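1. Dropping the sequence and predicted coords here.
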Amino acid sequence: LPKDISLEVNPRIPDMRTAVAKKLIAATKSGTPGFEINNRGIVMRVKSVEISDDRSELTVDFGNDNNKYGILDGGHTYRAIIDNQQDFSEDCRKFVKLEILVGDNLDVANIADARNTSIQVSDISLFGLKNKFKFIENAIKDEPYASDVAYKDNDKKSITVSDLLRLMFAFNIKRYPDNSKAPIEAYSSKAAVFKDYRNEYDDKENNIYKKLAPVLPILVELYEKIEEDIPNKYREYEKECDNKKGQYGKVRGISNDGETTYTHTPISYDTPNGYIMPIFGAFRALLYQKEDGSIDWRYDPLKIWNLVGKALVQNTFDTSTQPLLNGKNKNLWQSNYRIVDGKYKDLLILKLERKQEWWK
């Protein structure tokens, strides 16, 4: 079996640490015959094939486009064989079934969807194979974390596309235009977030995620600003209440020495997402849709954070010191939203009265 066949077209990067992969490795090394019967084989898409009857030889051309040609299914089988070929005995006679698909009109994503059934491939990974996250990729292409985002299952990168989708869901002003409902699924349900993204994708005119994509770098920056500043805001309100330095590191779920989620900048404390998301989601109050349909900020959310951060942190930790409960607490999300919305309205009044112009 040739080495170096591309796996780029496969929606799932093989993870050879799983129980299924370990069984495949054991099967390739064993002296037991019948591997081709007990294994589904490898499915690949190629540019062309040539059969030489006189030499009983099949020549396969994989072309130059790894996004079109390569192994569609059976990546774990392929890796189990290739990675262990050096351990095969000289008398080892094992076979693997190859199914070779040829044709420019084949839908790679649909084939992969149909064939990857032994271990279910996530809908998110298949969406990535169809390039349906392209506008997200384009929105962050100049950001330092762009190359750290995984769009496939088992891709060993520090950020998943789900991490970005949840930020956008928390600011989905199409579904959550006001404070009557709260986007708590941004914290509690990756499946619900992706379902919403999938449902929106085919809306060519009013896809809220496509409209939110340009502000995605700001959402990441805001999230990390909260991660970094939340201990200081906690201490500020603790000093006011108790006239003593707040022991942030002793709060349930907080641990010393963390790093920000996206840029991996070292920070003093690692704060659970259940504390951060109800604060982060409150800044949805600052987004609005312009007459041309695009999305923009009423005020700079980073500046508003500096003004209301202490109040948001106080409201969050006074509600509960259990991050799981806070992340799912609709009332907390709504009350934090009202804090940001109230500050926006105060500034709007000041602007109308021409008493301050710092936002210009």
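-> In hand now; what should we look at?
2. Which element, helix or strand, includes Leu101?
-> Element membership of Leu101, judged by DSSP states H and E, is strand 98-102.
3. If you could redo that for Gly258, that was the one I meant.
-> Assigned by DSSP H and E, Gly258 falls in strand 255-259.
4. Neighbouring strands of that strand in the sheet, and parallel or not?
-> The strands beside strand 255-259 in its sheet (DSSP bridges) come out as strand 266-270 (antiparallel).
5. after the partner strand comes which helix or strand?
-> helix 273-280.
6. tell me which strands and helices that following helix is in contact with?
-> Under the contact criterion of 3 or more Cβ pairs under 8 Å, 6 or more residues apart in numbering; DSSP states H and E, helix 273-280 touches helix 185-188, helix 216-242, helix 301-319, helix 323-327, helix 330-352. Yep, even glycine has a C-beta here, placed from its N, CA and C like the rest.
7. Could you rerun that using 6 Å?
-> Applying 3 or more Cβ pairs under 6 Å, 6 or more residues apart in numbering; DSSP states H and E, we find helix 273-280 packed against helix 216-242, helix 301-319, helix 323-327, helix 330-352.
8. How much space separates Phe135 from Ile208?
-> Computed as Cβ to Cβ, to the nearest Å, the Phe135 to Ile208 distance reads 12 Å.
9. Among those two, which residue is more densely surrounded?
-> Higher neighbour count among Phe135 and Ile208: Ile208, with 20 against 17, using other Cβ atoms under 10 Å.
10. you'd agree the more buried one is up against Lys174?
-> Yes: judged on Cβ atoms under 6 Å, Ile208 makes contact with Lys174 at a distance of 4.0 Å.
11. count of neighbours near Trp305?
-> Around Trp305 there are 21 residues (other Cβ under 10 Å).
12. Grab the nearest non-local neighbour of it.
-> Distance criterion Cβ to Cβ, 6 or more residues apart in numbering; nearest residue to Trp305, sequence neighbours excluded, is Lys225 at 6.1 Å.
13. for Lys330, same thing?
-> Ala182 (4.7 Å).
14. got it, and Thr160?
-> Nearest non-adjacent residue to Thr160 (Cβ to Cβ, 6+ apart): Ala150, at 5.1 Å.
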